[in-house]
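[1] curious how this folds, go ahead:
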Amino acid sequence: MTPDELEQQAETLDLINAELTARLNRQADSDAKIDTKTVTLIGYAVVAASFLATRHPQAILASLSYGFYAVAVLLCLRAYALARHRDVPAPRALFNRYAAQSKSVTLAALAAQRVKAFEANARQHERKSWLWRASLVSLVLGVTLMIVSIVVQTGQHGTGTAARSGTHPAANPTAVIPTRPAQSGSS
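    Model (predicted):
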């Protein structure tokens, strides 16, 4: 575009620039929300692992559950540690480069840089979203295995020989449990 054509498009460039700015802001807000969800999911994984540690679960299923918790935490940390949200030029560079330019030239350059930033952020955002969703699946699998491991182990209590033979007090609720007679003392 020639400088004259740019000047004629100043209003359109202003509108495009405003829309790109709003989209970058929404994108940054969405990234912040994923970061919050990521930290929350790490907390859930740690609490679930701590809860499982206080129980007497079935060993193999509990080990698998701990493995899924670890995967969830690692995926969350990877999602959280991705590069910062990219913004358009640094204020000093913007001022130095475009202070002497016309409004239209400056708006065109800003819009072009915002498009590049949005595209770079979109790739990062998709990766961050995927990592968070994968960590959520891992956490759900870990919790499911935790519940199964506790239920399986709890179900194995009371299946010993005393319970099967009927000599265990819990196997026969009407059984009389012998008690020691009270001793009478002489005064």
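
[2] ok, the residue nearest to the spatial centre of the chain - contacts?
    In the chain, the C-alpha nearest the mean C-alpha coordinate belongs to Thr38, at 2.9 Å (Cα atoms, centre = their mean). Thr38 is in contact with Cys76, Ala79, Tyr80, Trp132, Ser135, counting by Cβ atoms under 8 Å, 6 or more residues apart in numbering. All C-beta atoms are positioned from the backbone trio N, CA, C, and that covers glycine.

[3] the nearest residue to the third one once chain neighbours are set aside: what secondary structure?
    I take that to be Tyr80. Leaving out its chain neighbours, the residue that sits closest to Tyr80 by Cβ to Cβ, 6 or more residues apart in numbering is Thr38, at 4.8 Å. Here Thr38 takes the helix state, with states given by DSSP: H, G, I helix; E, B strand; the rest coil.

[4] Thr38 and Ser135, how far apart?
    Distance, Thr38 to Ser135, using Cβ to Cβ, to the nearest Å: 7 Å.

[5] what's the overlap in contacts for the two?
    Taking Cβ under 8 Å, 6+ apart as the contact rule, Thr38 and Ser135 both touch Cys76, Ala79.

[6] what strand or helix carries Arg84?
    Assigned by DSSP states H and E, Arg84 falls within no helix or strand.

[7] check the burial of it by counting its neighbours.
    Neighbourhood size, Arg84 [other Cβ atoms under 10 Å]: 9.

[8] cool, and Asp35?
    Close neighbours of Asp35, defined as other Cβ under 10 Å, add up to 17.

[9] just Leu110 next, same as before
    Using other Cβ under 10 Å, Leu110 has 20 neighbouring residues.

[10] do the same with Glu11
    The burial count assigned to Glu11 is 10, neighbours taken as other Cβ under 10 Å.

[11] next one: whichever strand or helix holds it to chain centre, how far?
    Using DSSP H and E, Glu11 falls within helix 10-53. Centroid separation for helix 10-53 versus its chain: 11 Å, with Cα atoms, centre = their mean, to the nearest Å.

[12] give me the angle between the very next helix or strand once past it and helix 10-53.
    The helix or strand immediately downstream of helix 10-53 is helix 59-80, counting by DSSP H and E. Counting by axes from the mean of the first three to the mean of the last three Cα atoms, to 10 degrees, helix 59-80 lies at 160 degrees to helix 10-53.

[13] which helices and strands does helix 59-80 pack with?
    helix 10-53, helix 103-156 (3 or more Cβ pairs under 8 Å, 6 or more residues apart in numbering; DSSP states H and E).

[14] next, the buried residues of it.
    61-62, 64-66, 68-69, 71-73, 75-76, 78-80 (16 or more other Cβ atoms under 10 Å).

[15] quick one, grab the pLDDT at the closest residue to Ala134 other than its chain neighbours.
    For Ala134, ignoring the flanking residues on the chain, the nearest one in space by Cβ to Cβ, 6+ apart is Leu75 at 5.3 Å. Model confidence at Leu75, given as pLDDT, is 95.
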